[in-house]
Structures are given as C-alpha cells and as structure tokens.
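Colleague: Below: sequence and its predicted model.
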Amino acid sequence: MTDRDVTVTERLSEQGMADGRTPSKCEQICRTLRRYIGSGHLAAGQQLPAERALSERFATTRITIKEALSSLEADGLIYRAERRGWFVAPPRLTYDPAIHTHFHQWIGEQQRTAETRVLAHGNQLASSELCRWMGLEPFTPLYEIRRQRLIDGRPVLHVSHHLLASRFPGIASAPLASSLTELYRQRYGIGQGWASLEITPSAARGEIARALNLAQGSAVLRLVRVNHDEEGKPVDCDIEHWRPDAIRICLDTRALQPLATGARQVQLAE
C-alpha cells in the first residue's frame with residue numbers, strides 16, 4: 001500500500017457514512033483532492049491553487065480549507081512551503097538506518113536525484129548534549145559542518161555534523177558537499193564501524209526552518225546519530241532534521257549484526 005492509496009479517513013467519508021451522516025465539507029474537500037492526486041490530475045511537485053482560490057471553488061471558508069489541507073498534509077499527500085503555498089508531495093523515500101550506505105547512494109537507488117549544499121562550517125566546543133551523546137569531556141574541540149540536502153530539488157533535510165577536531169586536521173579545505181563517509185576513508189583513513197541512533201519528534205526553528213522552507217515551529221523528525229570507526233572510537237555526531245513528509249523509516253533487523261556488548265546499535269553511514 002502506498003501513500004496514494006485510499007486512507008481510512010477517505011473510506012469513512014465515501015461511505016457517506018454508513019449511519020447515514022452526510023460527510024462534512026472538510027471531508028468532501030479531502031476526498032476530492034485525494035482523488036485528483038491519486039488519479040495523477042494533480043502530479044507530484046505541482047502547486048495547488050491558493051487557499052483563497054480553493055475557498056471560492058469549494059464555496060466554503062478559508063478555515064475549512066486550512067483544515068482540509070492540514071488533514072492531507074498529515075497523511076503525507078501534500079506539503080506546505082513557507083511563503084510559497086501548498087504542493088503535491090512526491091512518494092516518501094524508504095529510509096532503513098540498518099543499511100550501510102550514504103545519502104547520495106541510497107537516494108539514487110530509489111531513482112531520485114540528491115543534492116547537498118554546505119550552509120556553514122567552523123570550529124566549536126562540545127556542548128553538554130554532544131558530550132553526553134559522544135561520551136566526551138567538557139570543552140572538547142569539535143569541527144561543525146551544517147548542510148542542506150535536497151531530493152529532486154526539494155529541501156528535505158538539515159544536518160549538522162560535529163567532528164572530533166583532533167581526527168580531522170585541515171578539514172576546512174576539504175570538499176564538504178561530498179560524502180563525508182568517503183572523505184573520512186580516503187583522506188583520513190577512517191573507516192565506518194557502528195553507530196547509535198536516537199529518533200525523536202521536534203520543531204523546526206531558525207536556520208532549520210529556513211533550510212526546509214517551513215514555518216517556524218513546524219513539526220520535523222530529528223535523528224541523532226553517533227558514528228564510530230572500525231575500532232569503536234567515536235568519529236562524529238550527526239544531528240538530522242527531516243521534513244516528516246519526505247521519508248518513512250523502515251528498519252529490517254535482519255540487517256543488524258549482533259554485538260558482543262549486547263548494546264542495541266545500528267550499522268550505517270551518513
């Protein structure tokens with residue numbers, strides 16, 4: 001079943017209801033837009049008419065239109081770009097954190113186009129959170145790289161990488177828009193070992209909201225990943241903020257290798 005399949009909400013609406021209740025105006029709008037999207041009359045990436053235009057076409061209030069659009073957004077069928085309007089969402093990408101691959105590779109494997117843009121980079125001291133995640137002492141020197149990542153030209157991910165500065169001399173002159181996993185291996189001889197992963201809901205603010213074309217405070221999915229080398233030494237910490245309508249996380253535990261420590265850790269690469 002895909003994102004374009006009829007949802008439970010739509011099925012209930014189409015029943016009319018079974019108890020004889022007439023579907024609300026919001027339900028009728030959702031049903032119509034779902035059918036347009038499902039049939040391809042509204043294609044992925046296509047912009048919807050403005051809310052005012054939709055309210056005129058459906059002969060209803062903008063409040064009802066906003067309610068319907070928010071419902072479709074929650075289903076992952078459309079997305080809102082700050083100051084640009086509403087667009088039909090492409091199918092979500094399948095993201096399996098147990099697969100040992102890097103961003104551009106797994107995007108390409110799903111017949112999509114990946115792009116990475118460097119937003120900023122420079123020296124920093126480990127914050128209390130980074131000390132906790134990476135097992136570091138206070139004031140440990142790090143090097144931060146902040147990047148925006150796009151799929152088919154659409155910004156979907158803001159990621160900040162926090163590298164142990166002592167392991168990466170001269171990193172500022174490296175091609176930071178490329179795969180850091182490959183850069184670590186080729187320039188510094190650091191291979192990818194295991195990683196720990198924490199996933200939590202969060203809110204987009206500041207640079208993150210701007211990078212993802214979201215309104216301040218919009219919901220995002222935060223993934224914190226601490227990467228270790230083949231000897232188990234910490235390498236870096238990635239803090240990813242994803243548009244929640246861009247991916248679905250599917251974990252296949254058959255891809256996990258049992259560890260002697262018994263810790264639940266995941267093998268993957270940024």
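Modeller: That came through, no problem.
Colleague: The strand or helix carrying Q186: which residues count as buried?
Modeller: Element membership for Q186 (DSSP states H and E) is helix 180-188. Within helix 180-188, the residues that count as buried by 16 or more other CB atoms under 10 Å are L180, T181, L183, Y184, Y188. (Glycine included, C-beta is placed from N, CA and C.)
Colleague: would you list the residues you listed in CSV and tack on pLDDT and distance to F168?
Modeller: Output for those, formatted as CSV (pLDDT from 0 to 100; distance: CB to CB, whole Å):
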residue, pLDDT, distance to F168
L180, 92, 10
T181, 89, 13
L183, 94, 9
Y184, 95, 8
Y188, 96, 6
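Colleague: Can you tell me which of the residues you listed is nearest A209?
Modeller: L180 (23.8 Å; CB to CB).
Colleague: Okay, strands next: where are they in the stretch 51-200 of the chain?
Modeller: 78-81, 85-88, 93-95, 114-125, 141-151, 154-164, 195-203 (DSSP state E, counting those that start in this stretch).
Colleague: I'd like to know how far the residue nearest to L214 when sequence neighbours are not counted sits from A219.
Modeller: Spatial nearest neighbour of L214, chain neighbours left out: A204 (4.6 Å); criterion: CB to CB, 6 or more residues apart in numbering. Using CB to CB, to the nearest Å, A204 is found at 8 Å from A219.
Colleague: Between these two, which is the more surrounded one?
Modeller: Shown here are A204 and A219; by other CB atoms under 10 Å, A204 has more neighbours (24 against 14).
Colleague: which residues touch the nearest residue to R185 once chain neighbours are set aside?
Modeller: Closest residue to R185 apart from its sequence neighbours, by CB to CB, 6+ apart: G191 at 5.8 Å. Contacts here follow CB atoms under 8 Å, 6 or more residues apart in numbering; on that basis G191 touches Y184, R185, D229, E230.
Colleague: Number of residues surrounding the third one?
Modeller: Residues near D229, counting by other CB under 10 Å, number 18.
Colleague: Check whether it really touches I190, as I assumed.
Modeller: Yes - between D229 and I190 there is a contact under CB atoms under 8 Å: 5.3 Å.
Colleague: Give the residues shared as contacts by these two.
Modeller: Common contacts of D229 and I190 (CB under 8 Å, 6+ apart): V235.
Colleague: ok, how many other residues are close to I190?
Modeller: I190 has 21 nearby residues by other CB under 10 Å.
Colleague: How about the contacts made by it?
Modeller: R167, Y184, D229, V235.
Colleague: One more pass at 6 Å, please.
Modeller: Listed by CB atoms under 6 Å, 6 or more residues apart in numbering, the contact set of I190 reads Y184, D229.
Colleague: One more: I249?
Modeller: I249 neighbours (CB under 6 Å, 6+ apart): Y95.
Colleague: List the beta-bridge partners for it.
Modeller: Bridge pairing for I249 (DSSP bridges) gives the partners Y95.
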